[in-house]
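Visitor: let's see this in three dimensions:
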Amino acid sequence: MEKEEEKEDNKKKIVKLLKPYYKVLCNQISIITILVLLYCNYYNYSDTLIYLIFGAFISILINAFILLIKKYKICTSIEFTKKYSNNIFKLYEKYTNFNEENICKIINIIDLTWHLLFPLIALYYVKDYIKDSIKTDYAYIKAFIIFIMYGLLNIYIIDSFKVYNKSLELTKTEFNVILTSIVLTFMGLLYYFESIKNNIGYNIEYNN
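Guide: Numbering: from 1, shown residues only. Purely as a prediction, here's the structure:
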């Protein structure tokens, strides 16, 4: 009986630990992207899949970067940092001589860096993935439909607005603007990816 209760407690602890991560868009899409890229190393993959994960990853993280700059004061506050990056905060507090304010700023700079750097890396390597992918008809339409379904899941099931309203004090208008910006960025990326695919196809035909 005690063992069962202990197992149940451990499950609750795991859920509590993962809850802040699966509700945050940039964490979600980062995990999904890593899993899909690992899958792509062992199996053939279509351009639909590549369009979806690269487009979603880049558009979400780039817009998150802009949002974090806009909410700089909140993100660098001691209260916010202790609540959402407590483990990292404790490490800096333990192993450095920085005061709490400087620790918060350092953590924020690291956060901003990965929100900008990783999308740029993805943008650099996407051409290689498109070049090696299996070509499918209307890949951009299929990718867009799946992306919209993913967005609706976050809006209506996970309730992303409540998450960001609570953490970044995002208003409904700001939330709608950032969502629109993500979708428009994603659409722009789909056009860019499709142009890469068509250009590769043209070069193959031209060389033959």
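
Visitor: please identify the buried residues of the lengthiest helix in the chain?
Guide: The helix that spans the most residues within the chain, counting by DSSP state H, is helix 172-207. Neighbour counts over helix 172-207 (16 or more other CB atoms under 10 Å) mark 174-175, 178-179, 182-183, 185-186, 189-190, 192-194, 196-197, 200 as buried. For the C-beta atoms, the positions are set from N, CA and C on the backbone; glycine is no exception.

Visitor: just checking, what packs against that helix?
Guide: In terms of contacts (3 or more CB pairs under 8 Å, 6 or more residues apart in numbering; DSSP states H and E), helix 172-207 is packed against helix 47-70, helix 100-132, helix 139-152, helix 160-167.

Visitor: mind redoing it with 6 Å?
Guide: Here helix 172-207 touches helix 47-70, helix 100-132, helix 139-152, going by 3 or more CB pairs under 6 Å, 6 or more residues apart in numbering; DSSP states H and E.

Visitor: and the next element down the chain from the helix or strand of the chain with the lowest mean pLDDT?
Guide: Lowest on mean pLDDT, DSSP states H and E among the helices and strands of the chain sits helix 2-22, with a mean of 56. Heading C-terminal from helix 2-22, the first helix or strand you meet, by DSSP states H and E, is helix 25-40.

Visitor: quick one: distance of that next one to the chain centre.
Guide: Here helix 25-40 is found 8 Å from its chain centre; the criterion is CA atoms, centre = their mean, to the nearest Å.

Visitor: ok, residues contacting that helix?
Guide: Residues from elsewhere that reach helix 25-40 (CB atoms under 6 Å, 6 or more residues apart in numbering): 21, 53, 56-57, 60-61, 64.

Visitor: which among the residues you listed end up buried?
Guide: Buried, going by 16+ other CB under 10 Å: 53, 56-57, 60-61, 64, out of these.

Visitor: can you list these in TSV and add distance to residue 84?
Guide: TSV is the format used below for these (distance: CB to CB, whole Å):
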residue	distance to residue 84
53	25
56	22
57	21
60	18
61	17
64	14
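
Visitor: where does pLDDT dip in this structure?
Guide: In the predicted model of the chain, residues 1-22, 201-208 satisfy pLDDT under 70.

Visitor: gap between the residue nearest to the spatial centre of it and residue 62?
Guide: Nearest to the geometric centre of the chain sits residue 26, at 2.7 Å (CA atoms, centre = their mean). Using CB to CB, to the nearest Å, residue 26 is found at 10 Å from residue 62.

Visitor: ok, now residue 23?
Guide: Residue 23 sits 20 Å away from residue 62, taking CB to CB as the criterion.

Visitor: comparing these two, which shows the higher neighbour count?
Guide: residue 62 (21 against 18; other CB atoms under 10 Å).

Visitor: can you tell me the closest non-neighbouring residue to that one?
Guide: Sequence neighbours aside, residue 119 is the residue nearest to residue 62 in space, at 5.0 Å (criterion: CB to CB, 6 or more residues apart in numbering).

Visitor: count of neighbours near that neighbour?
Guide: For residue 119, the count of nearby residues is 23 (other CB under 10 Å).

Visitor: chain neighbours aside, what residue packs nearest to residue 23?
Guide: Closest residue to residue 23 apart from its sequence neighbours, by CB to CB, 6+ apart: residue 163 at 4.8 Å.
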